[in-house]
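**Q** here is a sequence with its predicted model. Questions after.
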Amino acid sequence: MDLNTYLNFRGNCREAFEFYRSVFGGDFLIMSSFREAPPGTEIAEDELDNVMHVSLPVGDSMLMGSDMPTGFGPPIVPGNNFSVTIGADSREQTDDLFAKLSEGGRVTMPLEDMFWGDYFGSCTDKFGINWQISFHDPQEE
């Protein structure tokens with residue numbers, strides 16, 4: 001299992017991650033825009049070039065982020081614009097962690113198989129902390 005940080009922005013994710021790359025060094029593993037989203041994803045035309053996902057290795061961890069499209073979740077406010085991410089070791093562990101973390105809190109995206117290949121969901125726990133839990137099965141590639 002690994003634990004990482006996911007940051008959300010309102011249109012300046014690319015700028016922020018270029019800054020983080022200048023601080024920490026390294027190269028992005030991925031930098032994709034909403035233009036690369038599956039057909040039917042409802043994104044405003046003026047937000048299609050915003051960052052859908054970016055990953056920057058920092059030591060043994062991963063700093064990840066995206067721009068939050070208009071209408072996706074509550075407004076971005078410094079302090080609520082991050083999630084702790086967990087890369088689980090199995091689907092069963094993902095289900096267990098998700099159930100425990102969301103108990104008494106709020107499910108923001110139910111666990112399901114996603115277009116990028118992970119079993120993924122997100123929730124806010126009863127203390128107001130945002131969590132993203134996923135499992136990637138390399139045998140399914």
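**A** On my side now, so go ahead. Numbering: from 1, shown residues only.
**Q** residue boundaries of the strands in this protein?
**A** Assigned by DSSP state E, the chain shows strands spanning 2-9, 30-33, 51-58, 61-67, 82-87, 106-113, 119-124, 130-135.
**Q** tabulate those (a markdown table), appending distance to Phe98, mean pLDDT and mean neighbour count.
**A** All C-beta spots, glycine's among them, are computed from the backbone N, C-alpha and C. Shown next, in a markdown table, are these (distance: least, C-beta to C-beta, whole Å; pLDDT from 0 to 100; neighbours: other C-beta atoms under 10 Å):
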| stretch | distance to Phe98 | mean pLDDT | mean neighbour count |
| --- | --- | --- | --- |
| strand 2-9 | 15 | 90 | 16 |
| strand 30-33 | 24 | 96 | 16 |
| strand 51-58 | 20 | 96 | 19 |
| strand 61-67 | 18 | 93 | 20 |
| strand 82-87 | 9 | 90 | 18 |
| strand 106-113 | 5 | 95 | 14 |
| strand 119-124 | 5 | 95 | 21 |
| strand 130-135 | 5 | 93 | 21 |
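**Q** so for Phe17, which of these sits nearest?
**A** strand 51-58 (5.0 Å; C-beta to C-beta).
**Q** list the contacts of the closest one.
**A** For strand 51-58, contacts defined as C-beta atoms under 8 Å, 6 or more residues apart in numbering pick out 9, 13-14, 17, 20-21, 24, 26-34, 36-37, 62-67.
**Q** which one is Arg10 nearest to, not counting chain neighbours?
**A** Nearest non-adjacent residue to Arg10, counting by C-beta to C-beta, 6 or more residues apart in numbering: Ile76, 4.7 Å away.
**Q** kindly export stretch 53-63 (C-alpha atoms) in CSV.
**A** The C-alpha coordinates for stretch 53-63 follow below in CSV (Å, rounded to 0.1, in the frame of the first residue of the first chain):
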residue,chain,number,x,y,z
HIS,A,53,-4.2,14.5,-14.3
VAL,A,54,-0.5,15.1,-13.6
SER,A,55,1.9,12.9,-11.6
LEU,A,56,5.3,14.0,-10.4
PRO,A,57,7.5,11.5,-8.5
VAL,A,58,9.0,13.1,-5.3
GLY,A,59,11.4,10.6,-3.7
ASP,A,60,9.4,7.4,-3.0
SER,A,61,6.1,9.3,-3.1
MET,A,62,3.9,10.8,-5.9
LEU,A,63,2.6,14.4,-6.0
